[in-house]
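**Student:** Need a 3D model of the sequence below.
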Amino acid sequence: MSSKQSNAERIQWMTKMALMLALAILLNIVESMIPAIPTLPPGVKLGLSNIVVMYCLFFLGKKEALMLAFLKSGFVLLARGGPIAFLMSFSGGLCSILIMIFLLSLKKRSVSYIIISICAAVAHNAAQLLVSALLLQNGMVFYYLPILVLSGVGMGFLTGITLRVLMPALGRLKRQ
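**Tutor:** Okay, the predicted model is just below:
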């Protein structure tokens, strides 16, 4: 927020961010209500709230996406209690956003939302695995890496497809 912005613009910005956070939290709650799919490995999630983070990055900006990741992690801290939950959430969110920012910066080639989503999901999983290894002081967790890479590709693909389907409607929201 710049000091030259009016109060109305600040309020509009804060309202958008509050709505993004509320939507991300709602999607996380909806996702937690989905029964475990027997064929999926333990800990694998769809990552529905990441659709909101990607929207935030694509339409609102880098700062807003990073802030949303931090706020989502703060909610995880409050809801699940404990700094480990915060660290796991924030490390994954931060790493995935940084990967998305990098991919979007490749101006020479247009990178599809699906590829961006897949790379972000894999980065999210890898960051959480790294934090787990550091917290546990044990590299054995990296044996789970192939499973998390495959699940990141699969769930990133689903999230990317969902975003791609929603993009026309989301684009209209931005213009309002």
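
**Student:** all helices for this structure, in order.
**Tutor:** Applying DSSP state H to the chain gives helices spanning 7-33, 49-55, 62-80, 83-104, 113-136, 145-175.

**Student:** In a markdown table, list these along with distance to residue 43.
**Tutor:** To be clear about C-beta, it is placed using only N, CA and C from the backbone, and glycine gets the same treatment. Below are these laid out as a markdown table (distance: least, CB to CB, whole Å):
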| stretch | distance to residue 43 |
| --- | --- |
| helix 7-33 | 13 |
| helix 49-55 | 15 |
| helix 62-80 | 14 |
| helix 83-104 | 10 |
| helix 113-136 | 9 |
| helix 145-175 | 8 |
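
**Student:** any idea which of those is most buried?
**Tutor:** helix 49-55 (a mean of 24; mean count of other CB atoms under 10 Å).

**Student:** elements contacting that helix?
**Tutor:** Judged by 3 or more CB pairs under 8 Å, 6 or more residues apart in numbering; DSSP states H and E, helix 49-55 is in contact with helix 7-33, helix 62-80, helix 83-104, helix 113-136, helix 145-175.

**Student:** one step back: for the helices of the chain, which one sits closest to residue 39?
**Tutor:** helix 145-175 (10.7 Å; CB to CB).

**Student:** which outside residues touch stretch 54-67?
**Tutor:** For stretch 54-67, contacts defined as CB atoms under 8 Å, 6 or more residues apart in numbering pick out 16-17, 20, 53, 68, 94, 97, 100-101, 104, 113, 116-117, 120, 159, 163, 166, 170-171, 173-174.

**Student:** same question, stretch 32-51
**Tutor:** With CB under 8 Å, 6+ apart, stretch 32-51 has contacts from 23-25, 27-28, 30-31, 72, 96, 117, 120-121, 124, 147-148, 151, 155-156, 158-159, 162-163, 166.

**Student:** same question, stretch 153-171
**Tutor:** 44-48, 50-51, 54-55, 59, 112-122.

**Student:** and that stretch, how far from the chain's centre?
**Tutor:** Between the centre of stretch 153-171 and the centre of its chain there are 12 Å (CA atoms, centre = their mean, to the nearest Å).

**Student:** which sections of the chain are below the confidence cut-off?
**Tutor:** 1-4, 108-109, 171, 173-176 (pLDDT under 70).

**Student:** Go again with 80.
**Tutor:** 1-5, 36-38, 40-44, 80-81, 107-110, 169-176 (pLDDT under 80).

**Student:** Distance check, the residue nearest in space to the middle of the chain against residue 98.
**Tutor:** For the chain, the residue sitting closest to the mean C-alpha position, by CA atoms, centre = their mean, is residue 50 at 3.4 Å. Residue 50 sits 14 Å away from residue 98, taking CB to CB, to the nearest Å as the criterion.
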